[in-house]
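**Q** I would like to see how this sequence folds:
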Amino acid sequence: MAGYSTLPSHTPTPATVTQPDSVYRFPSFEYGKITFATSFSPDEQLRFNYNLFTGQMDMINSEGDTVQIEQIKELKFISIADHLFFHSYKVGYLEIRHQSTVLLGVLNLLIEAYPVIGGRSYLQQIKGPKSDLYFKNQSSYYFVETANKLHKATPSSIRKLFHDHKKVVKAYLNEIKLTLNARMIL
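**A** Below is the predicted model:
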């Protein structure tokens with residue numbers, strides 16, 4: 001049929017496609033702090049929220065307007081309430097999920113998805129009011145090691161980062177058949 005294609009395995013299903021309540025990670029803008037690469041952190045607390053559509057950090061400025069934080073290489077961390085975001089100039093804002101000798105962070109974005117119709121995916125853009133648009137969360141995991149070097153979270157990067165523990169890492173990966181990808185849930 002014209003306009004239809006076979007359903008690829010990664011195409012969202014009705015259970016994985018939702019209407020977002022907000023374009024933001026948090027229900028409201030929360031107070032937080034910025035930390036620069038020099039470890040300098042201004043005393044002033046500002047109100048921040050992570051924009052899932054743009055992948056950028058927004059804040060409320062002194063005039064009460066919502067503005068996007070400028071992408072600069074010197075920016076390293078933004079804390080929002082009890083959440084920590086690592087800023088990579090190349091990748092974006094990674095929400096830190098685990099801290100040890102390396103950090104584990106996730107880049108979350110909302111991407112437009114197409115509803116499944118009769119077991120097939122409608123490939124053209126949905127026309128109509130915004131209520132007809134569907135989105136899904138796309139998560140990409142990264143390890144952040146010393147000197148802020150990023151590694152996509154994969155079994156090979158685990159082996160590389162923890163090379164001093166080859167046997168334990170290999171046994172662990174074999175035991176649980178660990179797959180670190182966009183569907184990983186912590």
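**Q** would residue 165 count as being in a strand?
**A** No - counting by DSSP: H, G, I helix; E, B strand; the rest coil, residue 165 is not part of a strand but helix.
**Q** That one and residue 173: what is the separation?
**A** Distance of residue 165 to residue 173, computed by Cβ to Cβ, to the nearest Å: 11 Å. For glycine as for every other residue, the C-beta is placed from the backbone atoms N, C-alpha and C.
**Q** Same check on residue 27?
**A** Counting by Cβ to Cβ, the gap from residue 27 to residue 173 is 37 Å.
**Q** which of those two has more neighbours?
**A** The residue with more neighbours, out of residue 27 and residue 173, is residue 173; 16 against 9, by other Cβ atoms under 10 Å.
**Q** so the more buried one is in which element?
**A** Following DSSP states H and E, the helix or strand that holds residue 173 is helix 166-176.
**Q** Follow the chain on from the helix or strand of the chain with the lowest mean pLDDT and name the next helix or strand.
**A** For the chain, using mean pLDDT, DSSP states H and E, the weakest element among its helices and strands is strand 4-5, scoring a mean of 26. Sequence order places strand 30-36 as the next helix or strand after strand 4-5, per DSSP H and E.
**Q** just checking, what packs against that next one?
**A** strand 46-51, strand 75-80 (3 or more Cβ pairs under 8 Å, 6 or more residues apart in numbering; DSSP states H and E).
**Q** Go through the helix or strand following the last one and flag the buried ones.
**A** Of the helices and strands lying after strand 75-80 in sequence (DSSP H and E), the nearest is strand 83-88. When neighbours are counted by 16 or more other Cβ atoms under 10 Å, the buried residues of strand 83-88 are found to be 83-88.
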